[in-house]
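A.B. asks: Next one to model:
(chains A, B and C)
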Amino acid sequence: MDISTKTTAPPAPAEPPAAPLKTTRGATRPGDRIFLGLSRGSGILLLVIMAAIAAFLTYRASLVLSKNDGNFLTTFEWNANNTPPVFGIAVLAFGTVVSSVIAMVIAVPIAVGIALFITHYAPKKIGGAIAYVVDLLAAVPSIVYGLWGALFLVPHLTGFYSWLNDYFGWTHVLEWQGGAPRTLLAVGILLAIMILPIITNVSREVFRQAPLMHQEAALALGATRWEVIRMAVIPFGRSGVISASMLGLGRALGETMAVATVLSPSFEINASLLDPGGGTFAQNIAAKFSEATEQGRDALIASGLVLFVITLVVNGAARAIIARRKEYSGANA
Amino acid sequence: MAKRIDVSGLTAYYGSHKAIEDISMTVEPRSVTAFIGPSGCGKSTFLRTLNRMHEVTPGGRVEGKVLLDDEDLYGTHVDPVAVRRTVGMVFQRPNPFPTMSIFDNVAAGLRLNGSYKKSELGDIVEKSLKGANLWNEVKDRLNKPGSGLSGGQQQRLCIARAIAVEPQVLLMDEPCSALDPISTLAIEDLIGELKERFTIVIVTHNMQQAARVSDRTAFFNLSAVGQPGNLVEIDETERIFSNPSVQATEDYISGRFG
Amino acid sequence: MSNATITPQGPAADSLSAARLPRWSPYAIAVGAVAAGCAIGLGAGLDSRIQWGLIAAVLFVLGTFGIATKVEGKRQAKDRVATSVVWVSFILAVVPLVSLIFETVSRGVKVLDVFFLTHSMGVVADYEPGGGIYHAIMGTLEQVGLATVISVPIGLLTAIYLVEYGRGKLAKAVTFFVDVMTGIPSIVAGLFILSFWILILGFSYSGFAGSMALSILMIPVVVRSTEEMLKLVPNELREASLALGVPKWRTILKVVLPTSIGGITTGVMLAIARIAGETAPVLLLVWGNPLINTDPFQGPQSSLPLYIYQQYQNSGGSPAAYDRAWAAALVLIAFIMILNLVARGIARWKAPKTGR
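C.D. replies: Take a look at the predicted model:
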């Protein structure tokens, strides 16, 4: 009996032995057709949802963008409830990018460190326990991070802010006028803690897959543990770490509640990370939403569309890097 | 250059499992010593204890002494990193660093140390590749990745990489088992040349190979599956293959088991 | 050294022994660094413990480098510095987690009692003490339940399509967009349902609207984990069933799914744990409600994460509201952690069956 396992339409033999081997039209039986239809339909539904997200956001945004009295890209103002509305995303784009970059600068090295710790430094049992702790970090909801950030982290940052101001205030970037430390730097630190788990987990996986034989080759040449990692682990895992970082970046860009609770937004751009200045796309939507008129909501949707496109690009790039790596390592295996 | 190895009472474990038990032998300098024996008899494990690679495996530990010209590899204050610089190793599967060029692969060991002269580096790489009989085949593409070479060339590249740091001893763990006959012949010729300069220990499954390349041969065996492996005898290769003193050796060599 | 002109490099080339630091040295350096960090912190009058810790961490790394360079040489020192940096980064990650759990538990237990769990905020102003989270728990359970009911069938079927049938461009496109969907910010999912369900179709705020947005976040997670599990089912099982003359769809339902049901359950529970803590879409679509509303299809509801946010945001800094926020956070974290633990328990319990 010839059974093809993975083709879309296996000519399934009928149960009763007397039945003809070929069903009519050579097609599948009804059960198979319905089941395939359902599962393929679900897949198509996902594509429809993605298309609908883009279409509906674009449609609502277009309603308000034509009325906008300011420049959507350059206006430093968000008065979308006015007639005519005046709003622009410059400040939001600035704050989103700056806070995410701070988060990356802090989180990526630490995450790589933890991943190496788990795979190459800690004894196996301890490594497993730490991986578990990292998973717990990932499971904490963002609103709880926000609450902790606002009521615990921020009060503890005043000393740090004044210290930064004392020693690095001359750079202007770390100058502090003495207000509450609910600024982009605090947001960046909190975001760093939040994106740590995802970067750690993905990096851990690639470091774990680094081929043992190259590590042994390095050891046999008389390399220290750090030199083994530099020669045979990091080169292998580099693209993995990059895509892990981009996944983390995608999360940092779109994070809403933690930023909304910690940041005290201000619609201006400030050279200093320690003084008020900037908001983020997501935070602005959460903060302005309850007072927004229908027109105001459309304006928020327009800013959400920009955020959607940005995260789409970042995540797409990260996935592309991962996919390319898979092919590369698959060919070598 | 080459040094003598004196092993006494060496036992190696994987966690609680004893892999080899109470092995003592002497490996002569400037000669080739071959390890033969059935699968699982611990010959590769023993080889890896000679440059402290065994302890890299999780749970791996060693009891006993390995003297390299009077210096115990397992003594206190001995740096395993320094041991591995002195006792080089070539692995079963060729493993050039995939992200590095041919040149960088050979230079990898020297660069680790950081104290070479830039002008010297090219000479050393050339000399090492010549020493590994690979120079003529790769001299025009030193900047190409090492993974682009054939299996046999890759293995010779790994040998070049190992001898570039001028070790005292060269350990080879079934270096030809992944190679075709012609590449194998090239490596065997190379081993014959290298023994002028290094002490060579080679693990092999291929008894003809042991007979062809080695001066002395050690036969390892294990009494039963799950039992630790042990050294049956070590002698001149000629004697082992013509008139061994232990019956088990003769049985193994004549193909009666294993 | 027959024909070699190379001089042995480095100090260790001729001798195998090298001066090494004793085994306890990292601990000693760590203790010293912490002591020095505290001393500097006290001496300079730095009021934040964070600074003390940072100073100690920097001193630890520098101290390791200095001492190791002196005793062991540069290469060993680099190795030791890498080890100490890795340790420091690990501790840096654990500190916030411990602090977060500690703060939530110690501040949360203040008002957490049976009354708190069984009453709403109906007659209590946000700045007053009293009230509870009953309405929020109800809201969360209903919204998450509805989202699960929507997401699991779609997610399962999509995963089955990708693993059992998927060929060609459509499957590739679905795979790609599932990945992309994983990265959609939750607020964008909320905005989508807002524009489509509320602004265009004209429905009002409701728990169900929130559930739809949560589904968008949950479906890709379910697809991914189910896919992984289905791929683990050995092909021989499918072939054995097909060779008996069982149609493909029955093979999938009766052989493939039962084999991987443990892993799929784990994946679904982890997905639930993930969306249970989502605030942003709920804020846009469910709106919040201090009263008990058990009908998720009619009118605003509350939910635990939204409750935390609103207690924090709308109370003007009242300590009573902060206490309630912490208590609700404790309940939410407990709920999510229990889901996580049970999910992992199932995974471990079921693992030997498929893992072999």
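A.B. asks: next one: phi and psi at the residue in chain B that chain C sits nearest to?
C.D. replies: Nearest to chain C, among the residues of chain B, is residue B:82, at 4.0 Å (CB to the nearest CB). To be clear about C-beta, it is placed using only N, CA and C from the backbone, and glycine gets the same treatment. Main-chain dihedrals, residue B:82, degrees, to the nearest 10: phi -70, psi -40.
A.B. asks: My guess is it contacts residue C:16. True?
C.D. replies: Yes - counting by CB atoms under 8 Å, residue C:16 is a contact partner of residue B:82 at 5.0 Å.
A.B. asks: which element is residue B:65 on?
C.D. replies: strand B:60-68 (DSSP states H and E).
A.B. asks: what are the pairing partners of that strand, and which direction each?
C.D. replies: strand B:5-14 (antiparallel), strand B:71-72 (antiparallel) (DSSP bridges).
A.B. asks: how many other residues sit next to the nearest residue to residue C:332 once chain neighbours are set aside?
C.D. replies: Leaving aside its chain neighbours, residue C:332 sits nearest to residue C:304 (4.5 Å; criterion: CB to CB, 6 or more residues apart in numbering or on different chains). By the criterion of other CB atoms under 10 Å in any protein chain shown, residue C:304 has 29 neighbours.
A.B. asks: what's residue C:304 in contact with, if anything?
C.D. replies: Contact partners of residue C:304, counting by CB atoms under 8 Å, 6 or more residues apart in numbering or on different chains, are C:133, C:136-137, C:139-140, C:276, C:328, C:331-332, C:335.
A.B. asks: Also residue B:155?
C.D. replies: B:90, B:94, B:175-176, B:178-179, B:183, B:187.
A.B. asks: Those: which two are farthest apart?
C.D. replies: B:90 and B:183 (13.4 Å; CB to CB).
A.B. asks: okay, those two: which has more neighbours?
C.D. replies: Neighbour count, other CB under 10 Å: between residue B:90 and residue B:183, residue B:90 has more, with 24 against 19.
A.B. asks: Does that one touch residue B:170 like I think?
C.D. replies: Yes - under the criterion of CB under 8 Å, residue B:90 makes contact with residue B:170 at 6.9 Å.
A.B. asks: Find the residues that touch each one of these two.
C.D. replies: With contacts taken as CB under 8 Å, 6+ apart, residue B:90 and residue B:170 have B:159, B:162 as neighbours in common.
A.B. asks: Which one of the contacts of residue C:304 is nearest to chain A?
C.D. replies: residue C:332 (6.2 Å).
A.B. asks: Now do whichever strand or helix holds residue A:253, average pLDDT.
C.D. replies: Element membership for residue A:253 (DSSP H and E) is helix A:234-254. Averaging pLDDT along helix A:234-254 gives 90.
A.B. asks: Now find how far off-centre it is within its chain.
C.D. replies: Counting by CA atoms, centre = their mean, to the nearest Å, helix A:234-254 is centred 9 Å from the centre of its parent chain.
A.B. asks: Residue numbers of the stretch 51-200 of chain B in contact with chain A?
C.D. replies: For the stretch 51-200 of chain B, the residues in contact with chain A (CB under 8 Å from any CB of the partner chain) are B:51, B:53, B:56, B:58, B:81-86, B:88-89, B:91, B:93, B:95-100, B:108-109, B:112, B:147, B:158, B:161-162, B:165.
A.B. asks: secondary structure class for the closest residue to residue B:168 other than its chain neighbours?
C.D. replies: The shortest distance from residue B:168 to any non-neighbouring residue, by CB to CB, 6+ apart, is to residue B:3 (4.3 Å). Under DSSP: H, G, I helix; E, B strand; the rest coil, residue B:3 falls in the coil class.
A.B. asks: list the contacts for residue B:3?
C.D. replies: Counting by CB under 8 Å, 6+ apart, residue B:3 has contacts B:29, B:68-69, B:86, B:168-169, B:199.
A.B. asks: Helices of the stretch 101-250 of chain C, start to end?
C.D. replies: C:114-118, C:134-160, C:168-182, C:186-193, C:207-232, C:235-243, C:248-251 (DSSP state H, counting those that start in this stretch).
A.B. asks: Next, find the distance separating residue C:20 from chain A.
C.D. replies: Shown here: residue C:20 relative to chain A, a distance of 12 Å by CB to the nearest CB, to the nearest Å.
A.B. asks: Could you pull up the residues touching that residue?
C.D. replies: Here residue C:20 is in contact with B:77, B:79, C:71-72, C:76 (criterion: CB under 8 Å, 6+ apart).
A.B. asks: Any chance of a markdown table for those residues, columns neighbour count and distance to residue C:183?
C.D. replies: As requested, the contacts of residue C:20 are exported to a markdown table (neighbours: other CB atoms under 10 Å in any protein chain shown; distance: CB to CB, whole Å):
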| residue | neighbour count | distance to residue C:183 |
| --- | --- | --- |
| B:77 | 10 | 53 |
| B:79 | 22 | 47 |
| C:71 | 16 | 49 |
| C:72 | 19 | 46 |
| C:76 | 22 | 43 |
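A.B. asks: So which of these is the closest to chain A?
C.D. replies: Looking across the contacts of residue C:20 and measuring by CB to the nearest CB, the closest to chain A is residue C:76, at 6.5 Å.
A.B. asks: That closest one: what's it in contact with?
C.D. replies: A:224, B:79, B:81, C:18, C:20, C:68.
A.B. asks: pLDDT check: weakest of the residues you listed?
C.D. replies: residue C:18 (70).
A.B. asks: What is the burial count for the closest residue to chain C within the stretch 101-250 of chain A?
C.D. replies: Ranked by CB to the nearest CB, the top residue of the stretch 101-250 of chain A for proximity to chain C is residue A:141, at 2.4 Å. By other CB under 10 Å, the residues close to residue A:141 number 25.
A.B. asks: for residue B:104, same thing?
C.D. replies: Per other CB under 10 Å, the neighbour tally for residue B:104 reads 19.
A.B. asks: Name the member of the contacts of residue C:304 with the most neighbours.
C.D. replies: Neighbour max across these (other CB under 10 Å) = residue C:328, 32 neighbours.
A.B. asks: ok, back up a step: what is the most widely separated pair among the contacts of residue B:3?
C.D. replies: For the contacts of residue B:3, and using CB to CB, no pair is farther apart than B:29 and B:86, which are 13.0 Å apart.
A.B. asks: Please say which of these two ends up with more neighbours.
C.D. replies: Neighbour count, other CB under 10 Å: between residue B:29 and residue B:86, residue B:86 has more, with 24 against 16.
A.B. asks: OK, contacts around the nearest residue to that one once chain neighbours are set aside?
C.D. replies: Counting by CB to CB, 6+ apart, residue B:86 lies nearest to residue B:168, which is 5.1 Å off, once chain neighbours are set aside. Residue B:168 sits next to B:1-3, B:68, B:86-87, B:198-199 when contact means CB under 8 Å, 6+ apart.
A.B. asks: can I assume residue C:64 is in contact with residue C:21?
C.D. replies: No - counting by CB under 8 Å, residue C:64 does not reach residue C:21; the two are 9.2 Å apart.
A.B. asks: Show the pLDDT at the residue located most distally from the centre of chain B.
C.D. replies: Seen from the C-alpha centroid of chain B, the residue lying at the greatest distance (CA atoms, centre = their mean) is residue B:119, 30.1 Å away. We have a pLDDT of 80 for residue B:119.
A.B. asks: how close does it sit to chain A?
C.D. replies: Separation of residue B:119 from chain A (CB to the nearest CB): 22 Å.
A.B. asks: ok so, going back, how far away is the closest residue to the residue of the stretch 101-250 of chain A closest to chain C other than its chain neighbours from chain B?
C.D. replies: Of all residues not flanking residue A:141 in the chain, residue C:277 sits nearest, at 2.4 Å (CB to CB, 6+ apart). Distance of residue C:277 to chain B, computed by CB to the nearest CB: 37 Å.
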